[in-house]
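Engineer: Fold the following for me, if possible:
(chains A and B)
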Amino acid sequence: MSLDYVKFSPGFERFMPKEYRDMVEHGPFGKKVTVSQMGSFKEILEEHPMCAGCAMTLFIRLAIISFPNPEDTITVGTAGCGRLAISQAAIPFVYGNYGDQNGVASGLSRGLRLRFGDQPKDVVVMVGDGGMADIGFSGTLHSWFRKEKFTTIMLDNEVYGNTGGQESGMTNQGAVLKMAPLGKKFEKMDMLGMAKIAGCAYVATVVPNNPRRVESVIKKAVLIAREVGPTYIQAYTSCNIEYAIPTDKVMEDAKTVEDDRYKFSEYFTDEAKQFLADRYGYKEFLPKPAAAVTQA
Amino acid sequence: MYLVADINVEICAATSCKLCTQFCPEANTILYNNEAGKEKGLKYGSAYVAVDRCKGCAQCVWVCDNMAKHHAIKMVMIDQLPNAALTDNVIYGEKSTTALLTSPVVG
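Structural biologist: The predicted structure follows:
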């Protein structure tokens, strides 16, 4: 868990594959990279077996670039499409068995705090809607109620895409899918509301058709989770296979859904705002100068 | 044969929006070369595609046509491309990348 783990072992430089050499020499470790620099540095994410044009992959790519300290980050996932890409990255990935991801992350984050003390080590859970809202539901909610300090990201494709198109709790009411031919009977679960009730310090919804916004949301969530409390991001990452979206129309669909029912929203507790302003200098949360207040 | 994205350097180097590099779902597939337009007297660099990683989803085409409105990217059969970048020929620099262009179809 330091910059040392992305270095060559002495004597092995010339035997390493090109991708590894590029990662050591031109990777983002120890530097500050932003989404506007994409295409000019070697990314942590490597080639992966996800479907062509998958919006979930785009979100994962943006999320991994946005981690404030990638060399001090561990990702946790579970069964589902997302782990196929998240595990193909040059940062440690822990596979929580089905539904266990938030339990695994709780232990991991507590252990890292014991071992490294004040040095921030980030744990980020990235799982699909089925793994979080159905199978791992109790584990997820309990980790929030216990105020475990790590970030949880839901890759919400509104279907079990990996297993052929069954409905999940996050599928919209009435949606007809290959393995749900009668249509979904009940409403989409309100995980955002539950996250707020359970005491998450930061809750956000985001759609990957705005890379800079994804970056800002992930950065805030990871930073707040260092000291304040659990954070939750719900990202719409359409499944172009199960919802039959032509791959070149994936971003058009993301835009339509964002305008319709997935509007960008952010929720902060006061403590989280205070923390971002004091510790990381976020100007929008700094208290307004007295003069400005009286004029207003 | 299969389709891959091909970026028109003349159009791209006149604009420098870099949107396609941010919207490609594959990592390190659309890369940016700051020097690409200089030899042709154009203002900016240009994006280019490492064709061995391109899965042909055409998301960049939609982004270039509808968000950037530059119409610089087309889908082309890989054997119709005389020269293209491959991951093995990409050289990373401090703030940019360059690639030696070779025939994408060997043999």
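Engineer: Please count neighbours and contacts with C-alpha atoms only from this point.
Structural biologist: Noted.
Engineer: how near is residue A:199 to residue A:72?
Structural biologist: 25 Å (Cα to Cα, to the nearest Å).
Engineer: do the same with residue A:188
Structural biologist: From residue A:188 across to residue A:72, the span is 35 Å (Cα to Cα).
Engineer: Those two: who's more crowded?
Structural biologist: residue A:72 (19 against 15; other Cα atoms under 10 Å in any protein chain shown).
Engineer: That one and residue A:124 touch, don't they?
Structural biologist: No. With contact defined as Cα atoms under 8 Å, residue A:72 does not reach residue A:124; the gap is 10.8 Å.
Engineer: which bits of chain B sit near chain A?
Structural biologist: B:18, B:21-33, B:47, B:53, B:55-63, B:88, B:92-97 (Cα under 8 Å from any Cα of the partner chain).
Engineer: I'd like to know how many residues surround residue 71.
Structural biologist: All of this is about chain A. 22.
Engineer: that answer is for a different chain, and I need it for chain B
Structural biologist: 17.
Engineer: Let me know the pLDDT of it.
Structural biologist: Per-residue pLDDT puts residue B:71 at 94.
Engineer: could you list every residue that touches residue 87?
Structural biologist: Using chain A here. Going by Cα atoms under 8 Å, 6 or more residues apart in numbering or on different chains, residue A:87 touches residue A:93.
Engineer: wait, I meant chain B there
Structural biologist: Neighbours of residue B:87 in contact, by Cα under 8 Å, 6+ apart: B:50-53.
Engineer: between those residues, which is nearest residue A:20?
Structural biologist: The closest of the contacts of residue B:87 to residue A:20 turns out to be residue B:53 (Cα to Cα; 16.3 Å).
Engineer: where's that closest one, which helix or strand?
Structural biologist: Using DSSP states H and E, residue B:53 sits in no helix or strand.
Engineer: Give me the nearest residue to it, chain neighbours excluded.
Structural biologist: Sequence neighbours aside, residue B:29 is the residue nearest to residue B:53 in space, at 5.7 Å (criterion: Cα to Cα, 6 or more residues apart in numbering or on different chains).
Engineer: If I follow the layout properly, that neighbour ends up in contact with residue B:49?
Structural biologist: Yes. Counting by Cα under 8 Å, residue B:29 does reach residue B:49; the two are 5.7 Å apart.
Engineer: can you give me phi and psi for residue A:153?
Structural biologist: phi -120, psi 130 (degrees, to the nearest 10).
Engineer: Is stretch A:217-228 in proximity to chain B?
Structural biologist: No. Stretch A:217-228 does not reach chain B (Cα under 8 Å from any Cα); its nearest approach is 15.7 Å.
Engineer: Show me where chain B has its helices.
Structural biologist: Using DSSP state H, the helices assigned to chain B run over residues B:9-13, B:19-23, B:59-62.
Engineer: Same check on the stretch 151-296 of chain A?
Structural biologist: Assigned by DSSP state H, counting those that start in this stretch, the helices in the stretch 151-296 of chain A fall at A:191-198, A:211-227, A:250-260, A:270-280, A:290-295.
Engineer: just those helices: most buried one?
Structural biologist: Of all these, helix A:211-227 carries the top mean neighbour count, a mean of 21, counting by mean count of other Cα atoms under 10 Å in any protein chain shown.
Engineer: Return stretch B:74-85 as CSV; C-alpha atoms alone will do.
Structural biologist: Provided in CSV are the C-alpha atoms of stretch B:74-85 (Å, rounded to 0.1, in the frame of the first residue of the first chain):
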residue,chain,number,x,y,z
LYS,B,74,-15.9,7.4,-38.8
MET,B,75,-16.1,3.6,-38.4
VAL,B,76,-13.9,1.8,-41.0
MET,B,77,-13.2,-1.8,-41.7
ILE,B,78,-9.8,-2.6,-40.2
ASP,B,79,-8.3,-3.8,-43.5
GLN,B,80,-9.3,-0.6,-45.2
LEU,B,81,-7.0,1.4,-42.9
PRO,B,82,-3.6,1.9,-44.6
ASN,B,83,-2.0,3.0,-41.3
ALA,B,84,-3.0,2.8,-37.7
ALA,B,85,-1.6,2.9,-34.2
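Engineer: Could you look up the SS state of residue A:141?
Structural biologist: helix (DSSP: H, G, I helix; E, B strand; the rest coil).
Engineer: need the contact list for it.
Structural biologist: Residues in contact with residue A:141, defined by Cα under 8 Å, 6+ apart, are A:194-195, A:198.
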